[in-house]
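Chemist: Pasting the sequence and the predicted coordinates here, then a few questions.
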Amino acid sequence: MTLATACGRLGFDPVAGDDVVGDDGPTVFTGLVLPPGGEAFDLEPVAGSAIVYAVVGGRAFRSTDGGAQWTECGAVPFALRVTADQAASNHAYLGDIDGAYETIDSCATWTKIFDQGEVTAIGIASDGDVLLGSNGMWRRHAGVVTPIASPADGHQVGFLAIAADTVIATTWGGGVIRSTDGGRTFAPANIGLVDPHSGGITFSAPGNPMFALLQTDDGAFHSSDAGQTWIPATNGQEGRDSIACDPADGSFVIGSTWHGMMRSTDGGVSFDGTNWRTSNMESAWISDYAFAPGGGRVYAATGAGLFVASDHGLQWRSTHNGISAWTIEELTRVPGQNVLLAATAAGLLRSDDGGASWSVHNSGMEMRLSTLLTVHVPELDPSRVLAGGASYLWQSTDRGDTFVENTAISVRELDDWTIHVIRSRLSDIWVGTGTRLWHSEDGGSSWMAARVAVEDRIVYDLLISPAGDKWVATSGGVYVVRASEGAFSPTDTGAPRPDTYAVIRLDDGTILAGGIDGVYARPEASGSTWEPAGLASEEVYELLAAGDRWIAATSKGVRITRDRGATWAAIPGLATKRPSSLVLDAAGNLVVGTWGYGIFRTALP
């Protein structure tokens, strides 16, 4: 589609090993049955047909009946955006974490057309050329892709809107840019805007560039001069990311807000102040809207899957039959029980029977966001669940049936969208965010900041040792603070390179870390040195130890070693399923969460 989410995915991006996608060959894993759905990023209906393309969980899907039933397309590494050729329903483009792809056979197969970086916006210009939003703007003409010099250079382009020869692009950090010659040249278009972080962009009438609508980090804006100047929308200050206008009725506009959905009946000049996100959307973030080309019918891509409303009454119903594409950010097992928990974009997935059946839990998150990146159960309090992700720390005292927000930490302090890890020991709770750690010594009633380094560090994982030492995996490597010390220090000698995503402790006191260049190991004692422990050509997202076995979730599948990293072998079946998280169930089986493919299980080799 010509729109692309500015917020993107919340965690670090998975990378498919060596661009290998498709059949994983023989497998020892069994997929666990999850409810239909998954984290939807984008969708696009095709004019004159009931065909709709969608991206859910990094996978592409196609419907021929208006979204009632879906079929998966050919595989790509990790899809983000889809744009359909409105003149040919078998022709479409995908933006992906490693470039852009084209199909001419109704998405059965894809051909790579761009390999210069992540593509987060795609549009078809008035002359048929393809415009690509990546780190800056690119143009594909006669099969050749070339960069377009523009004020967006050095900034990720998030959204595109095209009407005749007018093209407006939004960026993250570079403001809004505008072209009046079909995307050949661009100039800044920020009059009336302050924040350089802009999101959704659309025109209020097909082919008419005069009236444009924009979302920014300062809310919603409208323009009546083709994007030259922008005016804040009344009651639009909560606006974020996607925005869409009914092509058959330019007065009707819907847009995402920080906590739901807003509606306008005057072309985006003002919004009515009502949250139109319904309860069946699971409090989820809304990444994209798309009206059917004939108007009236509207689709929404959300963290809880795909939804459709038949008219302006916005009575949303799920429309993701045939799609099970859940992204699992973290898996955990309730101590001493056969209960599994998973952090997802729709809230908490819980299985009370060891993975045989699953249900979604997010009651209490209705006025916020159910997007979760981490879930934790204190060892001595198995009925308590702590979860976080999109700026909110949630806590439950009834196993996740209901949640309340921990308001002792403000949204600003938790850094928007960046709660990556929660860990506890006795009454101490530690929360890792996009810049630092937060620490509570009284079970979460009060909090103190704990900077890992002078510079900001994304905190991806945290280990609390039996002695009370804290080992932190960050975007700047591994840091440690001893129980007897007051400040963190880097563990530099022989250390893994930034970024480091996982850190665990073995029973013998060995510390393992995994990141962008494999696995490293070192003794726990001060003054020790990190040593490489294999998988140097793979990104390691999660580590697990079971007796003498180390297991790693990597960019090329699931790996296991029995000789302390001297040799690693594949546990076959998930090489292209983007494994993200690992846990052992009550029977000792290995359970694997993935980005976009749900949850799998196998007996531990």
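Modeler: That came through fine.
Chemist: Can you pull out the low-pLDDT segments for the stretch 451-600 of the chain?
Modeler: Applying pLDDT under 70 to the stretch 451-600 of the chain flags no residue at all.
Chemist: Would you map the strands across the stretch 201-350 of the chain?
Modeler: 208-216, 219-223, 231-232, 239-246, 249-257, 260-264, 286-291, 298-302, 305-309, 317-318, 324-325, 330-333, 340-344, 347-351 (DSSP state E, counting those that start in this stretch).
Chemist: Just send these back as TSV, with mean pLDDT and mean neighbour count too.
Modeler: Every residue, glycine included, has its C-beta placed from N, CA and C. As requested, those are arranged in TSV below (pLDDT from 0 to 100; neighbours: other C-beta atoms under 10 Å):
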stretch	mean pLDDT	mean neighbour count
strand 208-216	89	24
strand 219-223	95	25
strand 231-232	96	16
strand 239-246	91	26
strand 249-257	94	23
strand 260-264	95	22
strand 286-291	95	26
strand 298-302	97	27
strand 305-309	97	24
strand 317-318	96	14
strand 324-325	96	24
strand 330-333	98	22
strand 340-344	97	27
strand 347-351	97	24
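Chemist: Out of those strands, flag the one nearest R423.
Modeler: strand 330-333 (10.7 Å; C-beta to C-beta).
Chemist: Let me know how buried the nearest residue to A552 once chain neighbours are set aside is, in neighbour terms.
Modeler: Excluding its sequence neighbours, the residue lying closest to A552 (C-beta to C-beta, 6 or more residues apart in numbering) is R559, at 4.6 Å. Residues lying near R559 (other C-beta atoms under 10 Å) number 22.
Chemist: cool, S279 as well?
Modeler: 10.
Chemist: Same question for Q86.
Modeler: 16.
Chemist: Tell me the confidence at the nearest residue to it once chain neighbours are set aside?
Modeler: Excluding the flanking residues, the one nearest Q86 by C-beta to C-beta, 6+ apart is A47, at 4.6 Å. Confidence at A47, expressed as pLDDT, is 93.
Chemist: Am I right that A47 falls within a helix?
Modeler: No. The assignment for A47 is coil, going by DSSP: H, G, I helix; E, B strand; the rest coil, so no helix is present there.
Chemist: Settle this for me: N338 is touching R350, isn't it.
Modeler: No. Contact criterion C-beta atoms under 8 Å: N338 and R350 do not qualify, at 11.8 Å.
Chemist: beta partners for A473?
Modeler: D461, V478 (DSSP bridges).
Chemist: before we move on, the earlier item: isn't the residue nearest to Q86 up against G295?
Modeler: No. Contact between A47 and G295 fails when scored by C-beta under 8 Å: they sit 11.1 Å apart.
Chemist: okay but G267 is in contact with S204, surely?
Modeler: Yes. G267 is in contact with S204 according to C-beta under 8 Å; the separation is 5.3 Å.
Chemist: Show me which of those two is the more surrounded one.
Modeler: Higher neighbour count among G267 and S204: S204, with 26 against 19, using other C-beta under 10 Å.
Chemist: so what's the more buried one up against?
Modeler: F211, A212, L213, C245, G250, V253, G267, G268 (C-beta atoms under 8 Å, 6 or more residues apart in numbering).
Chemist: Just the closest of these to G303, please.
Modeler: So of the contacts of S204, ranked by how close each gets to G303 (C-beta to C-beta), first place is V253, at 21.8 Å.
Chemist: Show me what that closest one is bridged to.
Modeler: Residues in beta-bridge contact with V253 (DSSP bridges): C245, S264.
Chemist: please renumber so the chain begins at 478
Modeler: Got it, the first residue is 478 from now on, which makes the last one we talked about V730.
Chemist: which intervals of the stretch 478-627 of the chain have sub-threshold pLDDT?
Modeler: 478-501.
Chemist: Swap in 50 and give it another go.
Modeler: Low-confidence segments of the stretch 478-627 of the chain, defined by pLDDT under 50: 478-499.
Chemist: Strands of that one, start to end?
Modeler: Going by DSSP E, counting those that start in this stretch, the stretch 478-627 of the chain shows strands at 507-508, 514-515, 517-522, 529-533, 536-540, 548-549, 556-561, 569-573, 576-580, 588-591, 598-601, 607-611, 613-618, 621-625.
Chemist: With distance to R845 and mean neighbour count as extra columns, can I get these in JSON lines?
Modeler: Below are the strands of the stretch 478-627 of the chain laid out as JSON lines (distance: least, C-beta to C-beta, whole Å; neighbours: other C-beta atoms under 10 Å):
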{"stretch": "strand 507-508", "distance to R845": "31", "mean neighbour count": "14"}
{"stretch": "strand 514-515", "distance to R845": "20", "mean neighbour count": "28"}
{"stretch": "strand 517-522", "distance to R845": "19", "mean neighbour count": "27"}
{"stretch": "strand 529-533", "distance to R845": "23", "mean neighbour count": "29"}
{"stretch": "strand 536-540", "distance to R845": "27", "mean neighbour count": "23"}
{"stretch": "strand 548-549", "distance to R845": "32", "mean neighbour count": "14"}
{"stretch": "strand 556-561", "distance to R845": "25", "mean neighbour count": "28"}
{"stretch": "strand 569-573", "distance to R845": "29", "mean neighbour count": "27"}
{"stretch": "strand 576-580", "distance to R845": "34", "mean neighbour count": "24"}
{"stretch": "strand 588-591", "distance to R845": "37", "mean neighbour count": "16"}
{"stretch": "strand 598-601", "distance to R845": "28", "mean neighbour count": "26"}
{"stretch": "strand 607-611", "distance to R845": "29", "mean neighbour count": "25"}
{"stretch": "strand 613-618", "distance to R845": "34", "mean neighbour count": "21"}
{"stretch": "strand 621-625", "distance to R845": "39", "mean neighbour count": "13"}
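Chemist: Among these, which comes closest to G865?
Modeler: With C-beta to C-beta as the measure, strand 514-515 is the member of these nearest G865 (20.5 Å).
Chemist: So what touches the closest one?
Modeler: Here strand 514-515 has contacts from 533-534, 781-783, 795, 797, 800-804, 823, 1073, 1075, using C-beta under 8 Å, 6+ apart.
Chemist: switch to 7 Å and redo it
Modeler: V533, G534, A781, G782, H797, I800, S801, A802, W803, T804, A823, G1073 (C-beta atoms under 7 Å, 6 or more residues apart in numbering).
Chemist: thinking the second one is in contact with E516, fair?
Modeler: Yes. In this structure, G534 is within contact of E516 by C-beta atoms under 7 Å, at 5.7 Å.
Chemist: The residue nearest to Q563: neighbouring residues, count only.
Modeler: The burial count for A524: 15, using other C-beta under 10 Å.
Chemist: next one: A640
Modeler: 21.
Chemist: How about it: what's its closest non-neighbour residue?
Modeler: P686 (3.9 Å).
Chemist: Report the contact partners of the one you found.
Modeler: Contacts of P686 by C-beta under 7 Å, 6+ apart are A640, A641, T643, F680, A703.
Chemist: among the residues you listed, which are in helices?
Modeler: With helices defined by DSSP state H, no entry of these lies inside them.
Chemist: Now, of those, which are buried?
Modeler: Buried subset of the contacts of P686 (neighbour count, 16 or more other C-beta atoms under 10 Å): A640, T643, F680, A703.
Chemist: Please identify which of the residues you listed is nearest to L791.
Modeler: F680 (21.1 Å).
Chemist: I'd say that closest one and L637 touch.
Modeler: No. The criterion here is C-beta under 7 Å, and F680 misses it with L637 at 11.1 Å.
Chemist: And M738, how close does it get to S760?
Modeler: 11 Å (C-beta to C-beta, to the nearest Å).
Chemist: Out of the strands of the stretch 478-627 of the chain, which is closest to T951?
Modeler: Per C-beta to C-beta, nearest to T951 of those: strand 556-561, 25.4 Å.
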